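S.K.: Any chance you can model this:
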Amino acid sequence: MDESETIFWREVALEIIAKVEKAISPLIGKKESGEVIKMGADGTPSKLIDLVAEKEVISILEKISYPILLISEEIGELEIGCESTDKSYIKDTDSKIVFVVDPLDGTSNAVKNIPAYGISLAVAKYPFKKRAPQLKDVKMGFVKNFATGDFFEGLKGKGANLNGEKIQGSDLIDVNNSSMGLFIYGTTFNQIDHLFQQIRRMRILGSVSIELCYVANGSYDAFVDINENLRVIDIAASQLIITESGGKISTQQGKPINKVLNAKERTSIVAAGNEKLHEKLIEIMEVI
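M.R.: Just a heads-up that it's a prediction; the model follows:
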């Protein structure tokens with residue numbers, strides 16, 4: 001993306017974030033917001049508050065006179081828009097813009113008014129005539145914790161910010177003194193006991209996108225999921241924010257996460273604030 005494209009799509013992303021926050025605000029902490037309406041495209045239940053959030057995303061993208069592929073947790077994939085006569089903000093007509101959105105990450109927290117819930121939004125650009133969109137195509141990543149107001153942003157090749165200030169990951173390299181976030185859904189105690197014995201503090205907040213951003217700004221030293229349980233949608237924005245903050249992120253095997261962008265794709269993940277700590281965690285993962 002050139003500068004004009006970046007500015008344009010960033011403004012769209014910021015509008016989406018503001019509208020979603022406003023729409024769900026009356027539902028926070030309300031029992032009815034947790035009513036299951038249907039099954040989402042990712043195979044998990046979609047609650048009322050999720051659908052309200054996603055509706056706002058779609059309504060804003062539909063106003064843009066340019067074809068966009070929306071990949072979202074509830075609806076799956078949706079082609080939006082039409083060809084525009086004004087392509088002043090689009091230089092490469094052989095590529096397509098993709099919005100990868102989890103309109104509300106941490107739904108259960110929002111329903112119970114636990115202050116760790118927000119939106120994850122990534123903007124990707126890929127050569128749609130040649131292949132499907134992949135995680136490596138993400139150019140911009142935005143995560144906002146609606147409960148605290150904290151806004152994380154990463155632009156490919158431009159670094160990462162929290163509330164407009166540059167951030168970087170932790171420089172801690174001692175696993176024994178580390179504070180780590182974990183995603184343990186589908187994981188047995190035997191699988192993670194070895195890891196538990198080596199870290200100092202463990203955190204499970206229930207919003208992966210926010211927790212990965214805590215790796216980016218050094219609040220967490222690392223974050224780990226040891227099974228193929230994390231949705232790519234949930235990490236599309238925050239993985240870029242981590243990379244742009246100087247952190248390292250990979251699969252459990254230490255390989256780059258180069259997954260296809262869709263609602264059902266999942267991955268394991270090892271993320272750390274710096275490369276040395278990441279290497280040590282990968283060594284630990286080998287015996288789990």
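
S.K.: List the buried residues of the helix ranked longest in the chain.
M.R.: Longest helix in the chain by number of residues, with DSSP state H as the criterion: helix 3-24. Using 16 or more other CB atoms under 10 Å as the test for burial, helix 3-24 gives 5-6, 8-10, 12-13, 16-17, 19-21, 23-24. The way it works is simple: take the backbone N, C-alpha and C, and place the C-beta from them, glycine included.

S.K.: next one: stretch 112-132
M.R.: Result for stretch 112-132 [16+ other CB under 10 Å]: buried residues Ile114, Ala116, Tyr117, Gly118, Ile119, Ser120, Leu121, Ala122, Val123, Ala124, Lys125, Tyr126.

S.K.: what mean pLDDT does the host helix or strand of Asp102 have?
M.R.: Secondary structure assignment for Asp102, by DSSP states H and E: strand 96-105. Averaging pLDDT along strand 96-105 yields 96.

S.K.: can I get the buried residues of helix 3-24 in TSV with distance to Val98?
M.R.: As requested, the buried residues of helix 3-24 are arranged in TSV below (distance: CB to CB, whole Å):
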residue	distance to Val98
Glu5	13
Thr6	15
Phe8	15
Trp9	10
Arg10	15
Val12	13
Ala13	12
Ile16	14
Ile17	17
Lys19	19
Val20	18
Glu21	22
Ala23	22
Ile24	23
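
S.K.: Among the residues you listed, which one sits closest to Val143?
M.R.: Using CB to CB, Ile17 comes nearest to Val143 of the buried residues of helix 3-24, at 9.3 Å.

S.K.: check contacts around the closest one.
M.R.: When contacts are counted by CB atoms under 8 Å, 6 or more residues apart in numbering, Ile17 is found next to Ile119, Leu121, Phe142, Lys144, Phe151.
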